[in-house]
Every structure is written in structure tokens, then in C-alpha cells.
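> Quick check, what structure comes out for this input:
(2 chains)
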Amino acid sequence: GQNIDQPTEMTATEGAIVQINCTYQTSGFNGLFWYQQHAGEAPTFLSYNVLDGLEEKGRFSSFLSRSKGYSYLLLKELQMKDSASYLCAVRDGSNYQLIWGAGTKLIIKP
Amino acid sequence: DVKVTQSSRYLVKRTGEKVFLECVQDMDHENMFWYRQDPGLGLRLIYFSYDVKMKEKGDIPEGYSVSREKKERFSLILESASTNQTSMYLCASSPRLAGETQYFGPGTRLLVL
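As a prediction, the model looks like this:
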């Protein structure tokens, strides 16, 4: 079956670094997305990985290992505004659909 | 900037009512999607459309229907609202290219009494 796993909740301190993991088991693979979603708002796109390795974008980086079915989102120099849910989604093949994880709620403490 | 708009942010309906949720995108995207989001669950796909007048069932189509008469507009219809359809409804659009992200509207929080 299709499955995406992420931790339900994580807590980190302002200014620190946090890594949010995502493991997936899908029938095919055609890219992995990370989205940020603040409470009561719509998800917004953060990153896209289709090849193995690290993609860096400012304070956020995303890593992918296709052989391990594993990705992580790395957030550096955490700010209070980074408190949000982070959603991992996989495009599983030739169609246009995404398979979504349940999201990781990140709580930032001063 | 891509803009996806939804007709209402908050909606309260009674059981049995017919409910229309409308979504409009201004970027000429081929693909449009309707999801619902409930606490503790991932986004669940209700229906999607990859072209005008085309529709495909997602994971949870029961109790819903859709309409795409124009490329920019994708409507979700609850034929007879039930309390278990109380949820956040999110519309998204994307270009046809495989690597492109989906862009989301602000969501409609529907309460069915």
C-alpha cells in the first residue's frame, strides 16, 4: 500500500536547528514535496526533491534518499514564525496526484 | 504570483442541504484538486480534474461531486450535507508538468449542523 510517515509533533528552541523526517512507501516515485502550513491557513510550497541529495534554500534544506525511501527537512536558525505544521507529500508515478503525510506540528519555544 | 481563491472562508449548513464550494485559479493551470483536511489525518483527495469537463475520483469521493465547465473554475458539490462532512476543504491547482507544485487556496471551513 501507499504510506507516508512523519512524527506527529516536535519541539525546538528559537535559534536552534531541527530536522523533520519523512519515510515513504509508494508504488512509484516521481518527486517529494515539503509544504509549510500555519494554523488555519493553506499549505505553502517549501521544496521539491526528485534526485538524491540535499537541496538548500536559505534557512531550509531538504534531503532525499530514494533507495531508503527517506527524506528530511532541515530548518536552521529557528524563528518563532517557523511554528507550523510541515507536510511531506510524494508524487507516486505518472498521474498528477500527491500522497500526503499527516504532517508534523513544530512548536518553537523562546 | 499564482492566485487560487475559494468562495467562502467559513460556511455553516444544515444536514441535508446542498452545498456548493467554488474554486477559481488565475494561472491557466490544467490540473485542479479538491481535498479535505481533518485533524490527525493527511490531506485526502476527494476529486481532481486534469482538463475542462474531465474529472477523476480521488480517495474519498462518496457524498461529493464536482464540476469543471471552465478551465479556471472547479466546483465541489455536497449533494446532501451530513455532519461527517464537517471539515476544512482545500482547493489546489497545478500546471501539467510533473515537477510543479500544487498551489492552494485559503480553504473553506465547513460546519454541518
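> which residue sits closest to residue 80, ignoring its sequence neighbours?
Since no chain was named, I'll use chain A. Once flanking residues are discounted, A:Met80 sits nearest to A:Ile108: 5.4 Å by C-beta to C-beta, 6 or more residues apart in numbering or on different chains. For glycine as for every other residue, the C-beta is placed from the backbone atoms N, C-alpha and C.
> if you could check chain B rather than the one you did, that'd help
Nearest non-adjacent residue to B:Ser80, counting by C-beta to C-beta, 6+ apart: B:Gly16, 5.3 Å away.
> On the three-state scheme, the one you found is what?
Here B:Gly16 is recorded as coil under DSSP: H, G, I helix; E, B strand; the rest coil.
> phi, psi of it?
For B:Gly16, the backbone dihedrals (degrees, to the nearest 10) come out as phi 90, psi -20.
> Can you give me the neighbour number for it?
Neighbour count of B:Gly16, defined by other C-beta atoms under 10 Å in any protein chain shown: 10.
> can you check the one 10 residues further on too?
Using other C-beta under 10 Å as the criterion, B:Asp26 is surrounded by 12 other residues.
> got it, and A:Ile99?
Neighbours of A:Ile99 using other C-beta under 10 Å come to 21.
> Contacts for the helix or strand containing it next, please.
Using DSSP states H and E, A:Ile99 maps to strand A:98-100. Strand A:98-100 is touched from outside by A:2, A:4, A:24, A:26, A:33, A:87-92, B:42-45, B:102, with contacts defined as C-beta atoms under 8 Å, 6 or more residues apart in numbering or on different chains.
> so of those, which ones are in strands?
Residues of the contacts of strand A:98-100 located in strands (DSSP state E): A:4, A:24, A:33, A:87-91, B:44-45.
> From the residues you listed, list the buried ones, please.
A:4, A:24, A:33, A:87-91, B:45 (16 or more other C-beta atoms under 10 Å in any protein chain shown).
> In TSV: those, plus distance to B:Ser93 and pLDDT.
Shown next, in TSV, are those (distance: C-beta to C-beta, whole Å; pLDDT from 0 to 100):
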residue	distance to B:Ser93	pLDDT
A:Ile4	22	94
A:Tyr24	24	95
A:Phe33	15	95
A:Leu87	17	97
A:Cys88	21	96
A:Ala89	15	94
A:Val90	19	93
A:Arg91	15	89
B:Leu45	14	94
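> Quick one: end-to-end length of stretch A:68-77, please.
Taking C-alpha to C-alpha, to the nearest Å, stretch A:68-77 runs 28 Å from one end to the other.
> is it true that the residue nearest to B:Ser80 touches B:Glu79?
No: between B:Gly16 and B:Glu79 there is no contact under C-beta atoms under 8 Å: 9.7 Å.
> Show the model's pLDDT score for the most centrally placed residue in chain B.
Nearest residue to the geometric centre of chain B (C-alpha atoms, centre = their mean): B:Trp34, 2.7 Å. Looking at B:Trp34, its pLDDT stands at 97.
> Tell me if I am right that it is in a strand.
Yes: using three-state DSSP, the assignment for B:Trp34 is a strand.
> Can you name the residues bridging to the nearest residue to B:Ile46 once chain neighbours are set aside?
The shortest distance from B:Ile46 to any non-neighbouring residue, by C-beta to C-beta, 6+ apart, is to B:Trp34 (4.5 Å). On the basis of DSSP bridges, B:Trp34 is bridged to B:Tyr47, B:Cys91.
> ok, back up a step: may I see the ones in strands among the contacts of strand A:98-100 organised as CSV, with distance to A:Gly58 added?
Below are these laid out as CSV (distance: C-beta to C-beta, whole Å):
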residue, distance to A:Gly58
A:Ile4, 25
A:Tyr24, 25
A:Phe33, 17
A:Leu87, 19
A:Cys88, 19
A:Ala89, 21
A:Val90, 23
A:Arg91, 24
B:Arg44, 31
B:Leu45, 30
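> This completes my enquiry, with thanks.
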